[in-house]
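Novice: No sequence on hand, only this structure:
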């Protein structure tokens with residue numbers, strides 16, 4: 001689990017990133033990001049019921065994303081990032097998720 005310091009939790013924070021942030025579609029995810037005024041990154045993860053009706057599968061994807069993002073935190077700088085899972089992201093292997101999310105670093109650094 002990500003520490004509270006590194007989580008986007010307020011609806012207003014999500015709305016700000018959705019309205020003002022940049023958006024990029026990856027193979028399995030949509031990513032939106034916006035620079036913030038804090039000295040650390042904050043992450044929000046959204047997995048809708050359209051991805052899977054089973055909560056266990058949605059939670060499995062979230063756990064995998066959190067683990068990968070935890071290792072990427074120092075490289076993200078002071079950025080708010082929202083990761084939205086696409087419907088095809090249910091049965092993909094861990095390595096594919098990792099490769100897709102590592103592309104975020106390259107995109108955000110531009």
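Specialist: Everything's here; your move. Source: prediction; values computed, not measured.

Novice: Flag the helix or strand of this structure with the lowest per-element mean pLDDT.
Specialist: helix 94-109 (a mean of 85; mean pLDDT, DSSP states H and E).

Novice: Which residues does that helix contact?
Specialist: Outside helix 94-109, the residues that touch it by C-beta atoms under 8 Å, 6 or more residues apart in numbering are 24, 26-29, 31, 33, 61, 64-65, 68-69, 72, 75-77, 79, 81, 83, 89. (Glycine included, C-beta is placed from N, CA and C.)

Novice: which regions of the chain lie under the pLDDT threshold?
Specialist: 110 (pLDDT under 70).

Novice: Pick out the residue nearest the middle of it.
Specialist: Using C-alpha atoms, centre = their mean, the residue of the chain that lies closest to the mean C-alpha position is residue 83, 2.8 Å off.

Novice: Please confirm that that one is located within a helix.
Specialist: No. According to DSSP: H, G, I helix; E, B strand; the rest coil, residue 83 belongs to no helix; its state is strand.

Novice: you'd agree it is up against residue 26?
Specialist: No. Using C-beta atoms under 8 Å, residue 83 makes no contact with residue 26, being 9.1 Å away.
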